[in-house]
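Enquirer: One predicted model, sequence on top.
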Amino acid sequence: MRVVIAPDCFGGTLSAREAAGAVAAGWRRAAPGDELLLRPLADGGPGFVDVLHAALGGEVRREAVTGPRGEPVEARWLEHDGTGYVESAQACGLHLVPADERAAAAETAGTRGVGELVAAALARGARTVVVGLGGSATTDGGAGLREVLADPAAVAGVELVVASDVANPLLGPHGAARAFGPQKGASPEAVARLEARLAGMAELAAVRDLPGAGAAGGLGAALLALGARATSGAGLVRRLTRLDDALDRADLAVTGEGSFDWQSLRGKLVTAVAGAAAERGLPCVVLAGQVSVGRREAAAAGVQEAHSVAEHAGSVAASLRDPAGTLAALARDVASRWSQRGS
């Protein structure tokens, strides 16, 4: 049996490459005769650069940039064939803010470092810059990035691309502050202040209702205002990693992420994999840290089975003590059942 293993990252515990490796290790223990095709994925958020570097090659460049709280951080971007691939989470990711400091940082975290990464790619002659959005600590409407790229000549003649699968507008109940602010530590009072601040940014008025303007705390709006075009992050990675070629030769697709929940059903990467598998009549299995999607909802998205690492390990705490090991153990058990079906 040929199995495509194409997970996203597992929420701060495993990168997509690590997750794919863990699933493969467990699968081989139960079904050593299966042919495994590993395609770790990302949708523009954490892991974007690593996944594309593994698929495309190119040169990973390291830059000292401004972190979300103003501190220096080392961030990486990928240079490949005249294109710079920037992962915004490298410079303004929520993982860069300690959990006990997120409430305080929710209103002050900035995106200057993302602008510095874009500027670094331009300085090296990139004619196209793709900015992956996701996993940010910020709700500044891209103010920091706009400060760095304030001169219109900085991006003149350059193709800017926003890679994200968040379709939220900048403002309103589904906007950057109200939909995502609480996840970043913002209190209800802070959310109200952030919403008012974003609403007052006249330079974003023309783009604030566009799909994706609310991505990464309004960083999407800032880039759209600079003339960027929007594209699906998952779709871009799907194409560049040649996922479809792998699925064309497969009997089963296995994907996964940290939490398979209602957000997963709204265009996130696992449903993109499931959809691609369904187009070919392939079954798709999800292995996730936690699963809260019902069977009917999962089936409607093209997912035949969804399995929880936490449930298999006995608890969330137990699964987190050895993320790779517990994911591999789950994959081994799932593989044993699928191998019997295919025999």
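Expert: Received, thanks. Residues are numbered from 1 along each chain as shown.
Enquirer: What residues sit buried inside the strand or helix carrying R76?
Expert: Per DSSP states H and E, R76 falls inside strand 72-80. Of all the residues in strand 72-80, those buried under the rule 16 or more other CB atoms under 10 Å are V73, A75, R76, W77, L78, E79, H80. Just so you know, the C-beta spots here come from the backbone N, C-alpha and C atoms, and that holds for glycine as well.
Enquirer: just how off-centre is that strand within its chain?
Expert: How far strand 72-80 lies from its chain's middle: 16 Å, per CA atoms, centre = their mean, to the nearest Å.
Enquirer: Just checking: what are the partner strands of it?
Expert: strand 59-66 (antiparallel), strand 83-87 (antiparallel) (DSSP bridges).
Enquirer: Could you export the ones you listed to TSV, including columns for distance to S319 and mean neighbour count?
Expert: Compiled in TSV, these are given as follows (distance: least, CB to CB, whole Å; neighbours: other CB atoms under 10 Å):
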stretch	distance to S319	mean neighbour count
strand 59-66	31	16
strand 83-87	26	27
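Enquirer: Okay, the spatially most central residue of the chain and G220: tell me how far apart.
Expert: Geometric centre of the chain, nearest residue: G45, 2.8 Å, by CA atoms, centre = their mean. As judged by CB to CB, to the nearest Å, G45 and G220 stand 12 Å apart.
Enquirer: list the residues that contact both of these two?
Expert: L133 (CB atoms under 8 Å, 6 or more residues apart in numbering).
Enquirer: before we move on, back to that, right, and the strands paired with strand 72-80 - which one's nearest D261?
Expert: strand 83-87 (23.1 Å; CB to CB).
Enquirer: ok, residues contacting the closest one?
Expert: 44-49, 52, 75-79, 114, 117-118, 120-122, 124, 126-132.
Enquirer: again, only this time at 6 Å
Expert: Residues outside strand 83-87 that contact it (CB atoms under 6 Å, 6 or more residues apart in numbering): 48-49, 52, 77-78, 117-118, 121, 126, 128-132.
Enquirer: ok, now stretch 300-314?
Expert: So stretch 300-314 is in contact with 260, 265, 271, 274-275, 278, 283-287, 289-291, 298, 316, 319, 326-327, 330, 334, going by CB under 6 Å, 6+ apart.
Enquirer: Restricted to helices, list those.
Expert: Among those, the ones falling in helices (DSSP state H) are T271, A274, G275, A278, A298, V316, S319, T326, L327, L330, V334.
Enquirer: Most neighbours out of those residues, which is it?
Expert: L327 (29 neighbours; other CB atoms under 10 Å).
Enquirer: I figured it hits G21, correct?
Expert: No - the criterion here is CB atoms under 6 Å, and L327 misses it with G21 at 9.5 Å.
Enquirer: L52 and V237: what is the separation?
Expert: 7 Å.
Enquirer: Same check on A55?
Expert: 8 Å.
Enquirer: of the two, who's got more company?
Expert: Shown here are A55 and V237; by other CB under 10 Å, V237 has more neighbours (28 against 18).
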